[in-house]
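Visitor: build me a model:
(2 chains)
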There are 2 protein chains.
Amino acid sequence: MPKLTDLPKRILIGRALRSDKLGETLLPKRLALPVFASDPLSSVAYAPGEVLLVLSIAGASAYHYSPWIAVAVVVLMFTVVASYRQNVHAYPSGGGDYEVATTNLGPKAGLTVASALLVDYVLTVAVSVASGIENLGSAVPFFATHKVLGAVSMIFLLMVMNLRGVRESGSIFAIPTYAFVVGVFCMILWGCFKIATGDTMEAPTAHYTIHAEVSGISGFALVFLLLRAFSSGCAALTGVEAISNGVPAFQKPKSKNAATTLAAMGVLAVTMFCGIIALAMYTKVRMAENPATDLLVDGKPVGPGYTQDPVIAQVAEAVFGHNSIPFIFLAAVTALVLFLAANTAYNGFPVLGSILAQDRYLPRQLHTRGDRLAFSNGIVVLAGFAAVLVYLYGADSTRLIQLYIVGVFVSFTLSQIGMVRHWNRHLRSETDTAKRRHMHRSRAINTFGAFFTGMVLIIVLLTKFTHGAWVAVLGMVLFYAMMTAIRRHYDRVSEEIAAGDERTDEEVRPSRVHSIILVSKVHKPTLRALAYAKLMRSDTLEALSINVDPADTKALQADWTRRGIDVPLKVLDSPYREITRPIIEYVKGLRRASPRDVVSVYIPEYVVGHWYEHLLHNQSALRLKGRLLFTPGVMVTSVPWQLDSSERAKVRARKRADWNAPGAIRRGPVSPPKRDKEHTGQK
Amino acid sequence: MPKLTDLPKRILIGRALRSDKLGETLLPKRLALPVFASDPLSSVAYAPGEVLLVLSIAGASAYHYSPWIAVAVVVLMFTVVASYRQNVHAYPSGGGDYEVATTNLGPKAGLTVASALLVDYVLTVAVSVASGIENLGSAVPFFATHKVLGAVSMIFLLMVMNLRGVRESGSIFAIPTYAFVVGVFCMILWGCFKIATGDTMEAPTAHYTIHAEVSGISGFALVFLLLRAFSSGCAALTGVEAISNGVPAFQKPKSKNAATTLAAMGVLAVTMFCGIIALAMYTKVRMAENPATDLLVDGKPVGPGYTQDPVIAQVAEAVFGHNSIPFIFLAAVTALVLFLAANTAYNGFPVLGSILAQDRYLPRQLHTRGDRLAFSNGIVVLAGFAAVLVYLYGADSTRLIQLYIVGVFVSFTLSQIGMVRHWNRHLRSETDTAKRRHMHRSRAINTFGAFFTGMVLIIVLLTKFTHGAWVAVLGMVLFYAMMTAIRRHYDRVSEEIAAGDERTDEEVRPSRVHSIILVSKVHKPTLRALAYAKLMRSDTLEALSINVDPADTKALQADWTRRGIDVPLKVLDSPYREITRPIIEYVKGLRRASPRDVVSVYIPEYVVGHWYEHLLHNQSALRLKGRLLFTPGVMVTSVPWQLDSSERAKVRARKRADWNAPGAIRRGPVSPPKRDKEHTGQK
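Guide: So this is what the prediction gives:
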């Protein structure tokens, strides 16, 4: 297992193990938990605060509703975890919500889920990084005053790391994640101990008062506020579906281990969430949506200079003391686990992209692993979107979270509806009573899950649409439209090129080959092209040169004769010193003279090592090739000549090929995923 | 002859005649004059003012030296014209100063001239456009207050026109140029008539006084000032060499007609220059280098709001009256002819570029005509440099001119020295007495020219280096270094690939060909590639598929068997869904097994119509091809399949090919230039 200390070295040196060496490692549960659960676990760093923030609108007195909201979130969490435990058993291939929705509800539902997930990846980066910087800011004030700078820098640091292909390894995830979990639990236990021993604990904001934006709230307005607080608390659920995408990476029995890990994650998340809320209530944490005006000290607003620390930091301060070592430690690991959560989006995107590419919703090349270029583009786009959002929203995690939850619940809901259909279908054919009983139970769980998450989705849309959720919805619509357009294009092309059922090809079978070698001078590349072309024994073979400069042409002809080259040399005049046009016209002429024949054009090509050398070589050849491809009945053969400088490029290319694609660890082992459309899925 | 009214239509529609249709048209003298002389003739719009500006440093009293300076400029002009008349006879091929210097003084001198000319092109654009906007500003105050905006816009307008390939036609040049010449002559004659009839004429600045920066100047300082004024006046000579580059475009007898045109241009320029200076003296035009502080009305400075109109505009105002129709007309045609002069740089650059490319100082593809891409890059670079200069110098023609004259006189001087050598060489072998007498005369002229222009170059460097000429010198050094590096690269490559003298190629003659067809699915492109590959009768032929998705592979194998395709299908496993690596390794394995054999890889390729379709197709093929080229002993054949959408691209490509390259008219007719190194040149 690589040591954590490898990380800086790997960043600097950029050498990372190849994915095939990594792929053999399957994840035991104790490593799978941190790899897949850093995102949902880290959300307890911001979710409790969001609940308090919304409630503060009705004043500090409304805080007493927070236990009820916590209960609702816990119930929802257990529902979702229970539902996804069904998913991992039924769909162990790692397709996740997209696969479930596509299989059971059709491609449109699947594409909706995919769009939601793509938006989610962007927001995971934005929210996690913003929140991480806020937590860092509670210990290091510099980051509190330079939030946008810090967050954008972090997004680009993660981008660069992933572009370089820093390998995900279990321990990189395990250490900060477990440190965070242990830290939070220590805090909760120490807090309980202090309460039990009668020690007093006060949050730094305990003596603040909150100016209620709306006072004496009741009736429908109160319900609406509570629903809003609840949907903010649902931020704790983001990332829960990650495990269902990662089943192939688990050790056997995969589905069972994944389900167990899901349950463990749910229990940990819920305990931390409730513990933090309870301690926040006890230590009298006071937070407001607009702290500058609504948070009062001695009746006066704290003013715009005030930085509102995250609830987890305030609780830690109350429990451990300001700037104590455990406080600093917790702030650091909280920030670290949040950055790790952001990093999962960089890793998750290529995995989803490759599945979507397989279904031709994204460019085909995303389907292959280790295609650095395609991955890189995706990573850059992801970082770009996230950075723009972070900039526009001032790296304020509270405002970004408004956008976040819609996408999560769109995929939850569609996935659960799909699971209900899945069980319905299987129940129709299943006869074994024991299995039927199991299926009925699973269906009940998924039905409840679909109902509950669907309701939450409606609540989120109702309470958050104008607060920013519309941005997420717009993003989803755009992704959906783009992917539909790409799929339509591939379908059209596939129809166009489909071979007829008979072997009698529509096109007339070609009969003969005219080969042409393009020659400008007698040098090694030309001689090689000649030697190769002669090996191919075409029906006719001639060398072709364009008379751009009469002196050069004369020299060429003389050299040709002197060397006794036994291939006829034809010279085409080109009064305008054009190269492409005379060749194209000559080839067209050949085709016109014998339409059933094929013309094979050999182009000696230089292989160079630097981009600027490309400006100096092959330009005419490239242009010519581009034009020739438009001419029917022509094939174009490049006969490469490797210049010395190409050696360097070869080394670079090899290094690029050895690059380790982000997301390798969570894709699981090397066996290509079987995407059978039928599953007999059963617990 | 196309009408001037075609211009807007052509700009909008972008359809321009092809260069070969144009090439047949040789220029009669009456059209050659405006085509080649718009640059030198237009410089009389700013040169007289520059003389007055410099003299004003010593106060208005120093203006009485201006006739002497005018005389010196006239003598210089006649010297240069006489010298270049020798050039056009001796070197009628259009190579211009670069050819003369290279042939007679060696490649380093030639490259120096080329660097100077490249800098000159940039400055011609910057100075002419800046001066044009100033002249426009004398009639339309908007341009006087928005000089930079106007000048940069004009530079980009010219760029776009030339990128679209607006055809140069004789009349587009003729009308504004002759209108300008006629306008200036009318002004001079009308001015003389008014003087003769005793009419009073006063420039708008006649009652201004000049605050002398240095008063009571004398001795060395006076001489230095006069030399500086003289070198500013030399701006009138910029562009004189253009005709010597354009000899091939003249009607026969080419050299004689070119010489006559040169003489006509010299006479016109000199007359206008002197006329404008004389009228400026008579009408008491007052100009200062820093008008805001040094120009006084009633003893008070005019202040920063004052706009100093060009001398030609002030004289026109005095002669015709403020805002009279002839005044507006003259301002308009002056601006127009200056913009035309700027446009000649856009046209001249590709011509010089193609000559330099022929000598491998610039990328080879510049050598071919009508290579839109290469031209476009050049035009964009030219416009970019010019725009930066205009921006940095606030579109102030006076400051830009400081940079301008160095380059001009570098090429004048080296060209004339080269001519002296030329005659010396010919005198050594010539025996005919009449011819010898002629040569002696020519040599005398060129010797005087070399001496005089060399002296001016020294004066310009001495008086202007710190005023901005260093920028031009720096630019020349950079161009020189770049071109040397390019040439060195080409030489190194050419040495590397030079074929040995024997036919016994260094590389082992290949013996057999293994052909591989890459297959992903049985569709029309695959069937075509199969049919073509079978025609080529290689020694072994197999189809190769990468097992990225087992289901797809199974379907492919079934289809293959069902259709009874008689080529064996090999499937390579790719656990990581990579495509490139397994193929490269397979090919390398083949090569290792039989190193003397050649591997021929057939790749079915889609030809698409839009750039975004490229993102969706051929990416894997392109990447694979890129990697295969680095593998020795491999040739790569693209078998294109034209998708329906490629039709549109074909139309676009044809349109691009029909594009009319800037500079076509001045390159002359279609016969490729003979660049013989020996000339029997004689008048």
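Visitor: all helices for the stretch 501-650 of chain A, in order.
Guide: Along the stretch 501-650 of chain A, the stretches classed as helices by DSSP state H, counting those that start in this stretch are A:524-535, A:550-562, A:580-593, A:611-616, A:619-628, A:646-657.
Visitor: name the helices or strands packed onto the fifth one?
Guide: Secondary-structure packing of helix A:619-628 (3 or more Cβ pairs under 8 Å, 6 or more residues apart in numbering or on different chains; DSSP states H and E): helix A:580-593, strand A:598-607, strand A:634-642, helix B:372-392. C-beta here means a position set from N, CA and C on the backbone, and glycine is covered the same way.
Visitor: what sits against the nearest residue to residue A:634 once chain neighbours are set aside?
Guide: Leaving out its chain neighbours, the residue that sits closest to residue A:634 by Cβ to Cβ, 6 or more residues apart in numbering or on different chains is residue A:599, at 4.9 Å. Residue A:599 sits next to A:513, A:514, A:515, A:516, A:587, A:590, A:591, A:633, A:634, A:635 when contact means Cβ atoms under 8 Å, 6 or more residues apart in numbering or on different chains.
Visitor: can you tell me how far the third one is from residue B:201?
Guide: Spelled out, it's residue A:515. 80 Å (Cβ to Cβ, to the nearest Å).
Visitor: quick revisit: got a winner among the contacts of residue A:599 for most neighbours?
Guide: For the contacts of residue A:599, neighbours were counted using other Cβ atoms under 10 Å in any protein chain shown, and residue A:635 has the most, 26 neighbours in all.
Visitor: isn't it up against residue A:597?
Guide: No - Residue A:635 is beyond contact range of residue A:597, at 11.7 Å (criterion: Cβ atoms under 8 Å).
Visitor: tell me what the residue nearest to residue A:634 is bridged to.
Guide: Beta bridges link residue A:599 to residue A:514, residue A:634 when assigned by DSSP bridges.
Visitor: count the neighbours of the closest residue to residue A:188 other than its chain neighbours for me.
Guide: Excluding the flanking residues, the one nearest residue A:188 by Cβ to Cβ, 6+ apart is residue A:275, at 3.8 Å. Residues lying near residue A:275 (other Cβ under 10 Å) number 21.
Visitor: again, but for residue A:78
Guide: Residue A:78 has 15 nearby residues by other Cβ under 10 Å.
Visitor: check residue A:40 too.
Guide: Neighbour tally, residue A:40, other Cβ under 10 Å: 26.
Visitor: pLDDT score for it?
Guide: Residue A:40 is assigned 88 on the pLDDT scale.
Visitor: pLDDT score for the nearest residue to it once chain neighbours are set aside?
Guide: Once flanking residues are discounted, residue A:40 sits nearest to residue A:239: 4.0 Å by Cβ to Cβ, 6+ apart. Here, the pLDDT recorded for residue A:239 equals 84.
Visitor: now the one 5 residues further on
Guide: Predicted confidence (pLDDT) at residue A:244: the value is 82.
Visitor: ok, and what's touching stretch A:475-495?
Guide: So stretch A:475-495 is in contact with A:111-112, A:114-116, A:118-119, A:122, A:356, A:359-364, A:406-407, A:410, B:523, B:606, B:613, B:616-617, B:643, going by Cβ under 8 Å, 6+ apart.
Visitor: residues of that stretch that come out buried?
Guide: By 16 or more other Cβ atoms under 10 Å in any protein chain shown, the buried positions in stretch A:475-495 come out as A:475, A:476, A:479, A:480, A:483, A:486, A:487, A:489, A:490, A:493.
Visitor: residue B:603 versus the residue sitting furthest away from the middle of chain A, what's the distance?
Guide: Residue farthest from the centre of chain A, counting by Cα atoms, centre = their mean, is residue A:562 at 62.3 Å. Separation of residue A:562 from residue B:603 (Cβ to Cβ): 37 Å.
Visitor: thinking again about what came up before, could I get the contacts of residue A:599 as CSV with pLDDT and distance to residue B:343?
Guide: Output for these, formatted as CSV (pLDDT from 0 to 100; distance: Cβ to Cβ, whole Å):
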residue, pLDDT, distance to residue B:343
A:513, 89, 49
A:514, 92, 46
A:515, 92, 46
A:516, 93, 41
A:587, 92, 37
A:590, 91, 42
A:591, 88, 42
A:633, 87, 43
A:634, 90, 40
A:635, 91, 44
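Visitor: looks to me like the residue nearest to residue A:188 is in a helix.
Guide: Yes - secondary structure assignment places residue A:275 in a helix (DSSP: H, G, I helix; E, B strand; the rest coil).
Visitor: give me the number of residues near residue A:459?
Guide: Applying other Cβ under 10 Å, I find that residue A:459 has 18 neighbouring residues.
Visitor: list the buried residues for the helix or strand harbouring it?
Guide: Secondary structure assigned from DSSP states H and E places residue A:459 in helix A:433-464. For helix A:433-464, burial by neighbour count (16+ other Cβ under 10 Å) applies to A:438-439, A:442-443, A:445-447, A:449-450, A:452-454, A:456-457, A:459-461, A:463-464.
Visitor: quick check: the residue nearest to residue A:142 when sequence neighbours are not counted vs residue A:133, distance?
Guide: Residue nearest to residue A:142 in three dimensions, not counting chain neighbours: residue A:150, with 8.0 Å by Cβ to Cβ, 6+ apart. Relative to residue A:133, residue A:150 is positioned 4 Å away (Cβ to Cβ).
Visitor: looking at these two, which is more packed in?
Guide: Neighbours per residue, other Cβ under 10 Å: of residue A:150 and residue A:133, the larger number sits with residue A:133, 27 against 24.
Visitor: what residues sit buried inside the strand or helix carrying the more buried one?
Guide: For residue A:133, the element it lies in under DSSP H and E is helix A:107-139. Applying a neighbour-count criterion of 16+ other Cβ under 10 Å, one finds A:109-139 buried in helix A:107-139.
Visitor: quick one, that helix and helix A:372-392 angle?
Guide: 60 degrees (axes from the mean of the first three to the mean of the last three Cα atoms, to 10 degrees).
Visitor: determine how far helix A:107-139 lies from the middle of the whole chain.
Guide: 10 Å (Cα atoms, centre = their mean, to the nearest Å).
Visitor: domains in chain A, as residue ranges please.
Guide: The record's domain split for chain A, according to automatic domain parsing, is A:28-343+A:353-488, A:513-643.
Visitor: deepest of these, which one?
Guide: domain A:28-343+A:353-488 (a mean of 21; mean count of other Cβ atoms under 10 Å in any protein chain shown).
Visitor: quick one: residues contacting the nearest residue to residue A:97 once chain neighbours are set aside.
Guide: In space, and not counting its chain neighbours, residue A:97 is closest to residue A:415: 3.9 Å by Cβ to Cβ, 6+ apart. Residue A:415 is in contact with A:83, A:87, A:96, A:97, A:100, A:101, A:113, A:241, counting by Cβ under 8 Å, 6+ apart.
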